[in-house]
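K.L.:
dropping the sequence and predicted coords here.
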Amino acid sequence: MTTRLSDAGYWRTREKLARMEARLRGLNERTDLHPSLRASVERSYQDMMQQYLRALTLYEVAHPEVRLADSTSASQLLPRPIKHTNLLHVLLEEGLIDSIPQIPNDAAADAFEPLILEGRPVSEEIVEGRR
């Protein structure tokens, strides 16, 4: 089942499709892949591209004004470079993560107290179980 795209999801999916097309083109230049692995990766990329195209088509059928207003093909969209400082924001925008995790402040880290468990250490239990 395909989830309907939001307006923002439509544009993110177009960008993801463009990046996937660029990866597929770049795959032919790779000399470090075994032919069977290359074929497997190529099939995987094509499957993902089909899913993206299916979702885009469903959106465009429901919103024909988008298709008419923008004739840019997905291959013309260039992937934007990702800077290390905004990687989490890019992952959030692309829908790969739901939210950016909050880093606890020093007070929360200082208040952390580990649990004290009775009995043998877990590592000893694991070693004993392997014997």
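P.N.:
Good, I have the coordinates.

K.L.:
strands along the protein, start to end?
P.N.:
Counting by DSSP state E, the chain forms no strands at all.

K.L.:
which residues of the chain score low on pLDDT?
P.N.:
The chain contains residues with pLDDT under 70 at 1-3, 67-85, 104.

K.L.:
now the spatially most central residue of it: how far from residue 57?
P.N.:
The centre of the chain sits closest to residue 96, judged by Cα atoms, centre = their mean, with a distance of 4.2 Å. According to Cβ to Cβ, to the nearest Å, residue 96 stands 22 Å off from residue 57. Using the backbone N, CA and C atoms, a C-beta is placed for each residue, glycine as well.

K.L.:
residues touching residue 36, list them.
P.N.:
If you count contacts by Cβ atoms under 8 Å, 6 or more residues apart in numbering, residue 36 has none.

K.L.:
I'd like the numbering to begin with 364 instead of 1 from here.
P.N.:
With the count now opening at 364, the last piece we talked about shows up as residue 399.

K.L.:
for the protein, longest helix please?
P.N.:
Ranked by number of residues, the top helix in the chain under DSSP state H is helix 398-425.

K.L.:
so which bits of that helix are buried?
P.N.:
For helix 398-425, a neighbour-count test (16 or more other Cβ atoms under 10 Å) marks 412, 415, 418, 419, 422, 423 as buried.

K.L.:
would you mind measuring the gap between the ends of stretch 479-493?
P.N.:
End-to-end span of stretch 479-493 (Cα to Cα, to the nearest Å): 25 Å.

K.L.:
so for it, what gets flagged as buried?
P.N.:
Buried residues in stretch 479-493, counted by 16+ other Cβ under 10 Å: none are found.
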